[in-house]
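Colleague: can't give you the sequence, but here's the structure:
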């Protein structure tokens, strides 16, 4: 990967407290190393703290964020993070807007709960933390147990162990740009 592969691209990372630390820090590093600008979007106002203590400042309130201002969305996991975000109307609307505009979205671990709430996975194939299998199937998705799955611009992975494959596909999908099949 070159440091200019994603030059000029802006990638939103949507999360709140309780995220899986490595599921923010690893993709963040990967996309910035590839030349993108990463922006932390959150319902939190000042900073967010992961379940293992990683803390990072919030760049933009989700209530003020627009998918039109970004090239892609990354949804880190973590049970608490995903559970809180799926109950936040602004977070769900922001997520759905990426699908409406056919932009790449990447979700790892429990972040698939946010996609279920946004109503964007019916007929899609994806993976997640294994405990979400039934939730995803009940929402109309096909769940598979693979380290990374790409379905028309939607990238998904299971756990932090899958981060190398996840990060590579995030970069690939963002570099490709809009996907006509990435829709609600």
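Modeller: Nice, thanks for sending it over. Because the structure is a prediction, the values reported are computed rather than measured.
Colleague: And stretch 73-93, what's buried?
Modeller: Within stretch 73-93, the residues that count as buried by 16 or more other CB atoms under 10 Å are 73-79, 81-82, 84-86, 88, 90-93. In this view, the C-beta of every residue, glycine as well, is placed from N, C-alpha and C.
Colleague: before we move on, what about stretch 140-151?
Modeller: Under 16+ other CB under 10 Å, the buried positions of stretch 140-151 are 141, 143, 147, 148, 149, 150, 151.
Colleague: separation between residue 32 and residue 161?
Modeller: 22 Å (CB to CB, to the nearest Å).
Colleague: of those two, who's got more company?
Modeller: Using other CB atoms under 10 Å as the criterion, residue 32 and residue 161 rank with residue 32 on top: 14 against 11.
Colleague: surely the more buried one meets residue 38?
Modeller: Yes - Residue 32 is within contact range of residue 38, at 5.4 Å (criterion: CB atoms under 8 Å).
Colleague: Run through the residues that contact residue 66.
Modeller: By CB atoms under 8 Å, 6 or more residues apart in numbering, the contact set of residue 66 is 94, 97.
Colleague: tell me the SS of the residue nearest to residue 170 when sequence neighbours are not counted?
Modeller: In space, residue 170 comes closest to residue 106 once its chain neighbours are excluded; the distance is 4.7 Å by CB to CB, 6 or more residues apart in numbering. Following DSSP: H, G, I helix; E, B strand; the rest coil, we place residue 106 in the strand state.
Colleague: ok, how many other residues are close to residue 106?
Modeller: Neighbours of residue 106 under the rule other CB under 10 Å: 28.
Colleague: gap between it and residue 175?
Modeller: Distance, residue 106 to residue 175, using CB to CB: 13 Å.
Colleague: Any stretches of this protein with poor pLDDT?
Modeller: 1-4, 184 (pLDDT under 70).
Colleague: Output the buried residues of stretch 140-151 as CSV; include the columns distance to residue 64.
Modeller: Converted to CSV, those look like this (distance: CB to CB, whole Å):
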residue, distance to residue 64
141, 30
143, 34
147, 35
148, 31
149, 31
150, 30
151, 30
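Colleague: how about the helices in the chain?
Modeller: 21-33, 79-85, 89-100, 112-118, 133-138, 163-176 (DSSP state H).
Colleague: With residue 132 as the reference, measure out to the closest residue to residue 5 other than its chain neighbours.
Modeller: Spatial nearest neighbour of residue 5, chain neighbours left out: residue 34 (4.5 Å); criterion: CB to CB, 6+ apart. Per CB to CB, residue 34 is found 28 Å from residue 132.
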